[in-house]
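Colleague: Predicted structure and sequence below. I'll ask about it afterward.
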Amino acid sequence: MPTGPAASTALPVLATASDPNDHRSRLEQEVVALFDQFRDRLLRYLVGFGLTIPDGEEVVQEVFLSLFQHLQRGKSRENLRGWVFRVAHNLALKRRYQTRRSLEVLTEEGAAEALAVDPAPNPETQMVNNQAQQRLRAVLQALPEQARRCLALRAEGLQYREIAQVLDMSLGAVSLSLARSLARMARAVER
């Protein structure tokens, strides 16, 4: 059996490398760091997508649970930012579909009659909506041309990778451009 400094360090390194709890702990730390980095951006994107803040927060949590499972299975670590936004996008679509379906069920059951409201907005709401639309148009016009192109392509249903190819940008640049643009638009609506 070997002796000396090399022999004493070999066993702990092997034990640490094969310790599943240590690996899980490192993954948890990495996912928490990514959560801290992307949470606000994802939430803004999801709210801009039409989800309520509570629904958006649930989707963000689902995204990072999926990310943890993705990394735990040893799947690709390439472009985690794009992966996170794509999963958020897909979950948001699913959530919107579920919400619509729930409303349809309520309507079918007649429960919507109890919630019936005049569908036409009152004059005050119309004015607030018009002001919000004007602010959104102003923000959209103030965006750099590249950012407007990213938004337009995204609105047409192109994926981040497709937008990156069309505009000859990196996937990260597309994601960042869209997140910043949507954040600016969300701030304009909040005013």
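Modeller: Sure thing, it's come through. Residues are numbered from 1 along each chain as shown.
Colleague: Got the domain ranges for the chain?
Modeller: Split into domains by automatic domain parsing, the chain comes to 19-113, 121-191.
Colleague: what's the first-to-last distance across the last one?
Modeller: Between the opening and closing residues of domain 121-191 we find a distance of 19 Å, counting by Cα to Cα, to the nearest Å.
Colleague: State the mean pLDDT of that domain.
Modeller: Averaging the model's pLDDT scores along domain 121-191 yields 87.
Colleague: same check, this time on stretch 26-34
Modeller: 90.
Colleague: Tell me how far it lies from the chain's centre.
Modeller: Mean C-alpha position of stretch 26-34 versus that of the full chain (Cα atoms, centre = their mean, to the nearest Å) differs by 17 Å.
Colleague: in which helix or strand would I find the nearest residue to residue 64 once chain neighbours are set aside?
Modeller: Distances taken as Cβ to Cβ, 6 or more residues apart in numbering place residue 35 nearest to residue 64, at 5.0 Å, with adjacent residues excluded. (Each C-beta comes from the backbone N, C-alpha and C, glycine too.) In this structure, residue 35 is located in helix 20-48 according to DSSP states H and E.
Colleague: just residue 120 next, same as before
Modeller: Counting by DSSP H and E, there is no helix or strand that carries residue 120.
Colleague: Equivalent analysis for the one 4 residues further on, please.
Modeller: Counting by DSSP H and E, the element that carries residue 124 is helix 123-142.
Colleague: ranges for the helices of this structure?
Modeller: For the chain, applying DSSP state H gives helices covering 5-18, 20-48, 53-72, 80-109, 123-142, 145-155, 160-167, 171-190.
Colleague: thinking again about what came up before, next one: the residue nearest to residue 64 from residue 133, what distance?
Modeller: Here the criterion is Cβ to Cβ, to the nearest Å. By it, residue 35 lies 33 Å from residue 133.
Colleague: Equivalent analysis for residue 88, please.
Modeller: In this structure, residue 88 and residue 133 are separated by 25 Å, where distance is defined by Cβ to Cβ.
Colleague: what about those two, which has more around it?
Modeller: In this comparison of residue 88 against residue 133, neighbours counted by other Cβ atoms under 10 Å, the higher total goes to residue 88 at 25 against 12.
Colleague: Would you check how far apart that one and residue 31 are?
Modeller: Separation of residue 88 from residue 31 (Cβ to Cβ) stands at 14 Å.
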